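# no letters, just coordinates:
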């Protein structure tokens, strides 16, 4: 398949969106988002060229997350557009923070063996393995069962969430972590200082907020998978 043919579904999607610019209703914008997402998914799933699947997975690496954000970011979560947006957006965050995400994942993987098995990240979950697994899950949306890809990414989110909650619990008890997830050494003869406690409480709150968002995303993706199987996903 030529490059021009590969870009056709993307070009179609953007034109559909631009056609609704101006005095448009929310219903029209929703229709544009869903039409573009379904067009991209259908074209990707109809194709059998691995290089095209690879380009679809890495589309936002080349063109930026804005390329899909303008179309799908406002879509309802439990829709084709909403599900694809969440996967692409979280993929970008994970790849930009792969070392930290691998640490979160390692902390959470032993708390939910079912989710860990479904997500399919090899052990130990290195930064490279985290990134390659996320790419494999997204590729599966185009080459395998879409509902399975959604459920795998939901499981991935659940494990990350568990890891963040586990770290937040430690932070609330006064431990401090570096930006890469490693604990600062502390003098065992001294209690944490007020500054360390304040830092821990603040970071714990941010991690708990992030963990709740990931759990919410996991639930939305699982609901989308169930509707896809039933043939009723918008």
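Structure's in. What do you need? What you see is a predicted model, and the numbers here were worked out from it, not measured in a lab. Numbering: from 1, shown residues only.

# which helix runs longest in this structure?
Ranked by residue count under DSSP state H, the longest helix found in the chain is helix 194-230.

# counting contacts, what elements does that helix pack onto?
Counting by 3 or more C-beta pairs under 8 Å, 6 or more residues apart in numbering; DSSP states H and E, the packing neighbours recorded for helix 194-230 are helix 80-96, helix 146-172. Any C-beta I mention is one placed from the backbone N, CA and C, and that applies to glycine too.

# again, only using 10 Å
For helix 194-230, the elements it packs on are helix 80-96, helix 98-108, helix 146-172, judged by 3 or more C-beta pairs under 10 Å, 6 or more residues apart in numbering; DSSP states H and E.

# now those helices as CSV including mean pLDDT?
As requested, those are exported to CSV (pLDDT from 0 to 100):
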stretch, mean pLDDT
helix 80-96, 94
helix 98-108, 94
helix 146-172, 93
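
# out of the ones you listed, which one sits most buried?
Of all those, helix 146-172 has the most neighbours on average by mean count of other C-beta atoms under 10 Å, namely a mean of 23.

# relative to helix 98-108, how tilted is that helix?
With axes from the mean of the first three to the mean of the last three C-alpha atoms, to 10 degrees applied, the angle from helix 146-172 to helix 98-108 works out at 80 degrees.

# other SSEs contacting helix 146-172?
If you count contacts as 3+ C-beta pairs under 10 Å, 6+ apart, helix 146-172 packs onto helix 80-96, helix 98-108, helix 113-119, helix 127-143, helix 194-230.

# for residue 29, find the nearest of these.
Of all the helices and strands packed on helix 146-172, it is helix 80-96 that lies closest to residue 29, at 10.4 Å by C-beta to C-beta.

# low-confidence ranges, this structure, go.
1-26, 173-200 (pLDDT under 70).

# so what's the residue nearest the centre of the chain up against?
For the chain, the residue nearest the mean C-alpha position is residue 90 (2.8 Å; C-alpha atoms, centre = their mean). Counting by C-beta atoms under 10 Å, 6 or more residues apart in numbering, residue 90 touches 101, 134, 138, 153, 156, 157, 160, 213, 214, 217, 221.

# before we move on, back to that, nearest to residue 165, of the helices and strands packed on helix 146-172?
Residue 165 lies closest to helix 194-230 among the helices and strands packed on helix 146-172, at 4.8 Å (C-beta to C-beta).

# wait, what's in contact with the closest residue to residue 118 other than its chain neighbours?
Nearest non-adjacent residue to residue 118, counting by C-beta to C-beta, 6 or more residues apart in numbering: residue 155, 3.9 Å away. Listed by C-beta under 10 Å, 6+ apart, the contact partners of residue 155 are 112, 114-121, 137, 218, 221-222.

# try it again at 8 Å.
Counting by C-beta atoms under 8 Å, 6 or more residues apart in numbering, residue 155 touches 114, 115, 116, 118, 119, 218.

# which one of those residues sits closest to residue 57?
Taking the contacts of residue 155 together and measuring to residue 57 by C-beta to C-beta, the closest member is residue 119, at 16.7 Å.

# tally of neighbours for that closest one?
Residue 119 sits with 25 neighbouring residues when counted by other C-beta atoms under 10 Å.
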